[in-house]
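Engineer: Okay, sequence plus prediction incoming.
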Amino acid sequence: AQSVTQLDSHVSVSEGTPVLLRCNYSSSYSPSLFWYVQHPNKGLQLLLKYTSAATLVKGINGFEAEFKKSETSFHLTKPSAHMSDAAEYFCVVGREGNNYQLIWGAGTKLIIKP
Amino acid sequence: KAGVTQTPRYLIKTRGQQVTLSCSPISGHRSVSWYQQTPGQGLQFLFEYFSETQRNKGNFPGRFSGRQFSNSRSEMNVSTLELGDSALYLCASSLGRTGVGNSPLHFGNGTRLTVT
């Protein structure tokens, strides 16, 4: 069965420093993996998706994620944080089967310190 | 292109009442999914509609129902409201069914329902 664990509920970084949001997944098959972002009082926006084409996936707003099968991880990174990156980030795995569903992580709140 | 539109943005209801939420997908999108988001349970899948048929359903009681119209607009209904139904209800549309061709989901800003 597929599942996803976001290892940190909150991450706090200073503006201009690197961002690392951690995500581990479990899947019986080659998974589809996604990162979504939710700004306060807004819906969710797709940042990037992994669908087995390339292990390093580039997304919007300078974010990227690396699929590591041996570590069952799909961590989200950004070289330099901006104040506008403050939001909640969700790691998502696609659950295979007759009733395909997206399994959502609990979310990581990213706090940017000036 | 207009995004996903959810109405109303905010709603306050009393326990026992029923409520209907509306979602207009992006033009051309045929799939509409509904999610409930709460601080305690996170994001939980309610159901997905495609071509006016419910294609997939999460683990919610029968009080939660939905439908999709021929223009792909969707409504979600919750009957006999309980305090625990207070949540942000998010609608998402996609070109194809979720998981088919990995069509990305496009979310609306949600309807915040408060049950008192």
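Structural biologist: Right, received. Where do you want to start?
Engineer: What's the biggest strand in chain A, counting residues?
Structural biologist: Ranked by residue count and defined by DSSP state E, the top strand of chain A is strand A:87-95.
Engineer: Contacts for it next, please.
Structural biologist: A:1-4, A:6, A:21, A:23, A:25, A:27, A:31-40, A:44, A:47, A:74, A:76, A:100-105, A:107-110, B:43, B:99, B:102 (C-beta atoms under 8 Å, 6 or more residues apart in numbering or on different chains). Where C-beta positions appear, they are placed from N, C-alpha and C, glycine not excepted.
Engineer: Following the chain past that strand, name the next helix or strand.
Structural biologist: strand A:101-104 (DSSP states H and E).
Engineer: Spell out which parts of chain A neighbour chain B.
Structural biologist: Selection of chain A residues close to chain B by C-beta under 8 Å from any C-beta of the partner chain yields A:32, A:34, A:36, A:41-46, A:49, A:51, A:90, A:94, A:99-102, A:104-107.
Engineer: Now tell me which helix or strand of chain A has the poorest mean pLDDT.
Structural biologist: Sorting the helices and strands of chain A by mean pLDDT, DSSP states H and E puts strand A:101-104 at the bottom, at a mean of 84.
Engineer: Could you check how far residue A:82 is from residue B:65?
Structural biologist: Distance, residue A:82 to residue B:65, using C-beta to C-beta, to the nearest Å: 42 Å.
Engineer: Give me the more crowded residue out of the two.
Structural biologist: residue B:65 (17 against 13; other C-beta atoms under 10 Å in any protein chain shown).
Engineer: Spit out the contact partners of that one.
Structural biologist: B:76-79.
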